[in-house]
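A.B. asks: Below are the sequence and a predicted model; questions follow.
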Amino acid sequence: MNLLVESMSEQEIIEKVLGGEKQFYEIIIRRYNPYLYKVGRSYNYNHEDTQDLMQDTYIDAYKNLAQFENKSNFKTWLIRIMLNNCYRKKEKFSYKNEFAMDNVNENAQPVFNSSGNNTGKHILNRELGNVLEESLANIPEDYRLVFSLREMNGLSVSETAKLLTISESNVKVRLNRAKAMLRTELEKLYTQEDLFEFNLKYCNPFTERVMDMINKL
């Protein structure tokens with residue numbers, strides 16, 4: 001895919017795919033692999049299970065592409081499908097009731113502070129990513145998901161609330177709690193882009209696998 005093709009909007013891609021040009025669906029897969037991967041991993045699924053859930057999500061999205069309404073955000077629509085697949089996989093586990101809400105500290109510093117040019121803070125490697133992954137795994141699921149959607153996938157408070165069917169206030173509360181749990185180990189050490197990236201090593205074979213399945217539909 002050339003740069004011109006890769007810069008196509010989701011609506012343009014959808015129109016191409018619905019018109020029978022399935023090969024354009026590869027752009028969607030490559031474009032959203034990192035987002036879906038973060039959701040699955042934040043749900044505490046391992047790498048293999050996350051890939052399976054991503055595959056199911058792309059297949060589901062492809063089958064329902066004609067039903068996508070351009071009124072909504074495509075990324076949000078796709079993440080909602082991924083979340084639904086994650087929910088179904090863990091439906092035997094009941095969600096814990098929310099504890100009494102803490103006061104929201106509107107002046108709290110963000111966990112990820114990109115200010116400054118300290119070279120040391122930019123020397124990141126995979127081991128640091130593993131530390132983050134292990135730290136997030138110890139956070140209760142409700143908070144981990146909010147953290148993933150808001151901090152790692154860049155969704156708004158409103159979008160996150162709708163996806164998780166909770167209030168916007170609860171989104172803020174859970175995000176603050178998640179940040180507090182992570183702050184000691186992670187404060188000012190990471191940028192959002194370095195978290196759970198579905199890098200080229202995995203992206204190429206995964207994309208080829210999903211496209212093989214798409215082409216057989």
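C.D. replies: Nice, thanks for sending it over.
A.B. asks: all helices for the protein, in order.
C.D. replies: Counting by DSSP state H, the chain has helices at residues 3-6, 10-18, 25-42, 47-63, 74-89, 126-137, 141-147, 157-164, 168-186, 200-216.
A.B. asks: Quick one: those as JSON lines, columns for mean pLDDT too.
C.D. replies: JSON lines is the format used below for those (pLDDT from 0 to 100):
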{"stretch": "helix 3-6", "mean pLDDT": "62"}
{"stretch": "helix 10-18", "mean pLDDT": "92"}
{"stretch": "helix 25-42", "mean pLDDT": "92"}
{"stretch": "helix 47-63", "mean pLDDT": "95"}
{"stretch": "helix 74-89", "mean pLDDT": "93"}
{"stretch": "helix 126-137", "mean pLDDT": "67"}
{"stretch": "helix 141-147", "mean pLDDT": "91"}
{"stretch": "helix 157-164", "mean pLDDT": "94"}
{"stretch": "helix 168-186", "mean pLDDT": "85"}
{"stretch": "helix 200-216", "mean pLDDT": "88"}
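A.B. asks: Tabulate those in TSV, adding columns for mean neighbour count.
C.D. replies: Heads up, the C-betas are built off the backbone N, CA and C, glycines and all. Output for the helices of the chain, formatted as TSV (neighbours: other C-beta atoms under 10 Å):
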stretch	mean neighbour count
helix 3-6	10
helix 10-18	16
helix 25-42	22
helix 47-63	18
helix 74-89	18
helix 126-137	14
helix 141-147	22
helix 157-164	18
helix 168-186	18
helix 200-216	13
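A.B. asks: Could you chop this protein up by domain?
C.D. replies: 3-92+198-216, 119-194 (automatic domain parsing).
A.B. asks: residues in contact with the residue lying closest to residue 147 once chain neighbours are set aside?
C.D. replies: Spatial nearest neighbour of residue 147, excluding adjacent residues (C-beta to C-beta, 6 or more residues apart in numbering): residue 178 at 3.9 Å. For residue 178, the contacting residues are 139, 143-144, 146-147, by C-beta atoms under 8 Å, 6 or more residues apart in numbering.
A.B. asks: quick one: which of those residues is nearest residue 42?
C.D. replies: Nearest to residue 42, judged by C-beta to C-beta, of these is residue 144 at 5.0 Å.
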